[in-house]
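Asker: Any chance you can model this:
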Amino acid sequence: MKRRTAGLALVLALALGACGLTGNGNSAPVEEGRYMVYYSAMGDEEAGAAVGCAARTVSGPLIPGLMSALLTGAGEQGLSSPFPGGVRLLSWSLEEGRLHLDLSEQYGGLTGIDLTLADCCTVLTFCALDEVDAVYITVEGREVPYRRTQVLTAQDVLLFGAEEEPVHLGLNLWYPRAEGEGLGVEYRQILKYEGASLPQTVLSAWLEGPQYDSLVPCAPPEGQLQAAGVSEGICTVDLSPEFAAGVQADSQAVRLMLYALVNTLGELEQVDGVRLTCQGEPLTELGGYVLEAVLRPDLSLDPTLEPAVQP
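Answerer: Next up, the predicted model:
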């Protein structure tokens with residue numbers, strides 16, 4: 001099964017007017033007992049924003065009630081909870097306008113756009129309350145170490161992914177193991193800048209080589225790769241002539257290099273396979289290794305992964 005590390009959309013284009021959110025973070029009035037709750041709109045391909053909202057009825061204590069509404073989802077087409085299954089509110093406190101939410105360990109597994117969306121929906125939901133100015137989210141009492149800002153306001157999350165700001169992504173990069181036993185995975189935080197495509201950002205990071213001694217680089221040092229886009233799940237990658245010429249004539253080494261590349265791109269939600277070209281022409285052979293028209297990720301090349309259980 002593909003391990004999701006980044007979403008399809010990388011910029012939070014929030015439709016403020018649609019949810020009645022004003023510049024200070026307060027929501028337009030809703031009827032008594034009903035509150036605007038923010039959800040992920042990533043499942044709606046026609047949505048104009050990554051986040052949407054829906055009015056929800058909340059009974060009982062307000063903070064736990066709103067958190068429950070966030071966790072259970074909107075019940076409307078295209079809007080879903082931004083949280084992974086199993087997230088629970090462990091405790092909360094509100095002091096001088098700062099709401100502290102302590103969540104269960106599942107929240108700590110979020111990275112990249114998934115973490116951004118979850119933070120955004122949480123902060124916009126609670127900062128719409130007159131008594132909440134900022135939200136501080138921890139996981140079992142600990143801060144999320146790779147979050148840029150720990151105490152978030154509505155203004156902070158509205159700037160996530162703004163044009164001048166790079167977007168932080170958590171990504172698995174694949175490389176051959178130094179001891180020669182298949183491929184290994186290195187988790188890395190990378191930056192995606194405005195104007196750069198997600199596949200190209202991933203390729204650029206992969207070409208830098210691994211940071212762990214247990215893994216080794218495998219791309220020719222002079223080589224360049226260009227991602228020509230993704231169509232129907234297939235990412236076309238164009239190799240420079242220098243890359244093709246620099247590949248060693250060792251079919252096993254070439255195979256590991258190719259699947260290190262393919263598995264890395266396959267970590268992206270929208271990529272199911274990779275097609276290789278050189279100066280726009282399809283490649284049928286590289287370094288003595290015969291290529292299929294489309295290369296699919298092969299997670300079995302990592303000997304540390306448990307094999308998938310067949311139904």
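
Asker: okay, and for the stretch 151-300 of the chain, where does confidence drop off?
Answerer: 155-168, 194-195, 228 (pLDDT under 70).

Asker: what's the answer for the stretch 1-150 of the chain, then?
Answerer: Residue ranges of the stretch 1-150 of the chain with pLDDT under 70: 1-31, 42-50, 76-77, 112, 146-148.

Asker: so where do the strands sit in it?
Answerer: Along the stretch 1-150 of the chain, counting by DSSP state E, counting those that start in this stretch, strands occupy 34-40, 51-57, 89-95, 98-103, 134-139.

Asker: same question, the stretch 151-300 of the chain
Answerer: Assigned by DSSP E, counting those that start in this stretch, the strands in the stretch 151-300 of the chain fall at 151-152, 167-176, 183-192, 225-231, 234-239, 273-278, 281-282, 285-286, 289-290.

Asker: The closest residue in space to residue 153 that isn't next to it in sequence: how many residues sit nearby?
Answerer: Nearest non-adjacent residue to residue 153, counting by C-beta to C-beta, 6 or more residues apart in numbering: residue 134, 4.8 Å away. All C-beta spots, glycine's among them, are computed from the backbone N, C-alpha and C. Residue 134 has 21 neighbours, counted by other C-beta atoms under 10 Å.

Asker: does residue 88 really touch residue 101, like I thought?
Answerer: No. In this structure, residue 88 is not within contact of residue 101 by C-beta atoms under 8 Å, at 10.9 Å.

Asker: what about those two, which has more around it?
Answerer: residue 101 (21 against 14).

Asker: State the distance from that one to residue 254.
Answerer: Plainly put, residue 101 is 50 Å away from residue 254 if you go by C-beta to C-beta, to the nearest Å.

Asker: Let's have the strands of the stretch 151-300 of the chain in a markdown table, adding mean neighbour count.
Answerer: Shown next, in a markdown table, are the strands of the stretch 151-300 of the chain (neighbours: other C-beta atoms under 10 Å):
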| stretch | mean neighbour count |
| --- | --- |
| strand 151-152 | 18 |
| strand 167-176 | 22 |
| strand 183-192 | 18 |
| strand 225-231 | 16 |
| strand 234-239 | 21 |
| strand 273-278 | 19 |
| strand 281-282 | 10 |
| strand 285-286 | 15 |
| strand 289-290 | 12 |
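
Asker: Any chance of CSV for the ones you listed, columns distance to residue 113?
Answerer: As requested, the strands of the stretch 151-300 of the chain are exported to CSV (distance: least, C-beta to C-beta, whole Å):
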stretch, distance to residue 113
strand 151-152, 16
strand 167-176, 7
strand 183-192, 9
strand 225-231, 16
strand 234-239, 18
strand 273-278, 22
strand 281-282, 32
strand 285-286, 33
strand 289-290, 34
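
Asker: which one of the ones you listed lies closest to residue 56?
Answerer: For residue 56, the closest of the strands of the stretch 151-300 of the chain is strand 151-152, at 21.2 Å, according to C-beta to C-beta.

Asker: Let me know which of the strands of the stretch 1-150 of the chain is the nearest to residue 175.
Answerer: Of all these, it is strand 134-139 that lies closest to residue 175, at 29.4 Å by C-beta to C-beta.

Asker: if I read this right, the residue nearest to residue 153 contacts residue 96, doesn't it?
Answerer: No. Counting by C-beta under 8 Å, residue 134 stays clear of residue 96, with 9.7 Å between them.

Asker: who touches the closest residue to residue 266 other than its chain neighbours in this structure?
Answerer: Distances taken as C-beta to C-beta, 6+ apart put residue 297 closest to residue 266, at 3.3 Å, once the chain neighbours are dropped. Applying C-beta atoms under 8 Å, 6 or more residues apart in numbering, we find residue 297 in contact with 2, 259, 262-263, 266, 273.

Asker: Report the two of those residues separated the most.
Answerer: 2 and 259 (14.4 Å).

Asker: So those two - more neighbours on which side?
Answerer: Per other C-beta under 10 Å, whichever of residue 2 and residue 259 has more neighbours is residue 259, with 25 against 13.

Asker: could you check the distance from that one over to residue 299?
Answerer: Residue 259 is 9 Å from residue 299, by C-beta to C-beta.

Asker: same thing with residue 107?
Answerer: For residue 107, the distance to residue 299 - C-beta to C-beta - is 26 Å.

Asker: neighbour count winner among those two?
Answerer: With neighbours defined as other C-beta under 10 Å, residue 107 and residue 299 compare such that residue 107 has more, 25 against 17.

Asker: what residues are up against that one?
Answerer: Residues near residue 107 by C-beta under 8 Å, 6+ apart: 83-84, 87, 118, 137, 139, 144.
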